[in-house]
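# Turn this into a model:
(one chain, ligands or ions: 2)
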Amino acid sequence: MSSQRARRSNLAVPGSSPKMLEKAKGLPADQIFMDIEDAVAPIAKPDARKNIVAALNEGGYDGKTRTVRVNDWTTEWTYADVIEVVEGAGANLDCIMLPKVQTADQVVALDMLLTQLEKSNGLEVGRIGIEAQIENALGLINVDAIAQASPRVETIIFGPADFMASINMKSLVVGEQPPGYDVGDAYHYILMRILMAARAYDKQAIDGPYLAIKDIDGYKRVAGRSAALGFDGKWVLHPGQIDAANEVFSPKQEDYDHAELILDAYDYYTSAEGGAKGAVMLGDEMIDEASRKMALVISAKGRAAGMQRTKQFEKPEA
Ligand code: GLV
Ligand code: MG
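Residues are numbered from 1 along each chain as shown. Ligands and ions are numbered 1, 2, ... in the order given. So this is what the prediction gives:
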């Protein structure tokens, strides 16, 4: 169930800003993540924890996935982030995002801490999910083990800014492109590696931030690339990026209609009434079981986004 949450747009909100935590309630993002990590200065982290607990308990994020990004395990803050947030607002929280995950052990450690907190606070054990951010080479080469490290893992997230820094790649995240080099190539391996782990273990694959927040065309281009590969959503750093994410990660109406049509048509043609055929022509297109599988993916994304079909399948006259 949880891996089916809508996550087309994942809005980053610094936990240090009660104003932004409040504003996020009214924005059309599928998911909100309240940050205690890199968008919050070290001296502001204790207050950020408190602001987040207050905002979660106050509520108003109805229909949105509520995630808190804690600091990574190499810092001195992680345990206190998790304890304060889950003890304070565990019942009103869906996931903890763990940044800079490098090994499966780091996920296991978070899982164990969450289990104890759930038990000691009367919360349902195992309900709080984990979102694992892959932000360096070690994390990427361990991504398969990370995806399987706990049943709580719901998403694998690409963190391009930290990743580029960690592998000494020139910063491409703001959209500029060295001459003669297609920026798409730079990310392709990383995105595909993350996508394979996510698909192999039934997790969602999420693309990270696009830093040039005023460049909506650039956002759509970069988001369109990960959407085309099969990613489920992308971060948004500014309200202006939300509509673009929701649009890019939803199927187009015509594709959604076509997918539903294929499902109905295939259902009919494989039935005794429809002639028990395994491969048939639907208009100019040959459809078979693999077409049904592709259609199921688009249909699931469309339904999760609340889309309605505009065309019905009509059985051919006998
Ligand atoms: C996100 O955390 C990133 O580093 O890109
Ligand atoms: Mg990062």
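# contacts, neighbours, all on C-alpha from now
Will do.
# For residue 88, which residues are in contact?
Neighbouring residues of residue 88 by CA atoms under 8 Å, 6 or more residues apart in numbering: residue 53.
# Pull up the residues of this structure that are close to ligand 1.
159, 160, 161, 162, 208, 209 (CA under 6 Å from any ligand atom).
# give me the low-pLDDT residue ranges for the chain?
1-3, 170-185, 318 (pLDDT under 70).
# burial count for residue 168?
Around residue 168 there are 9 other residues, counting by other CA atoms under 10 Å.
# so is it in a helix, a strand, or just coil?
coil (DSSP: H, G, I helix; E, B strand; the rest coil).
# And for residue 83, the neighbour number?
17.
# quick one: which helix or strand includes residue 265?
Assigned by DSSP states H and E, residue 265 belongs to helix 253-270.
# Quick one: list the elements packing against that helix.
strand 280-282, helix 289-304 (3 or more CA pairs under 8 Å, 6 or more residues apart in numbering; DSSP states H and E).
# that older thread, and the residues of the chain next to ligand 1 as TSV, adding neighbour count?
Listed next are these as TSV, based on neighbours: other CA atoms under 10 Å:
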residue	neighbour count
159	20
160	24
161	19
162	17
208	22
209	24
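# And residue 286, how close does it get to ligand 1?
42 Å (CA to the nearest ligand atom, to the nearest Å).
# Filter the residues of the chain next to ligand 1 down to the ones in helices?
Residues of the residues of the chain next to ligand 1 located in helices (DSSP state H): 160, 161, 162.
# In JSON lines: the residues you listed, plus distance to residue 217.
Output for these, formatted as JSON lines (distance: CA to CA, whole Å):
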{"residue": "160", "distance to residue 217": "18"}
{"residue": "161", "distance to residue 217": "19"}
{"residue": "162", "distance to residue 217": "23"}
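# what's the closest of the residues you listed to residue 297?
residue 160 (26.1 Å; CA to CA).
# Distance check, the nearest residue to that closest one once chain neighbours are set aside against residue 108.
Sequence neighbours aside, residue 208 is the residue nearest to residue 160 in space, at 6.2 Å (criterion: CA to CA, 6 or more residues apart in numbering). Residue 208 sits 23 Å away from residue 108, taking CA to CA, to the nearest Å as the criterion.
# distance of the closest residue to residue 150 other than its chain neighbours from ligand 1?
Nearest residue to residue 150 in three dimensions, chain neighbours excluded: residue 108, at 6.4 Å (CA to CA, 6+ apart). The spacing between residue 108 and ligand 1, counted by CA to the nearest ligand atom, is 21 Å.
# Tell me if residue 108 really is in a strand.
No: Residue 108 sits outside any strand when classified using three-state DSSP, being helix.
# what's the neighbour count on it?
17.
# That one touches residue 148, doesn't it?
No: counting by CA atoms under 8 Å, residue 108 sits too far from residue 148 to count as a contact (9.9 Å).
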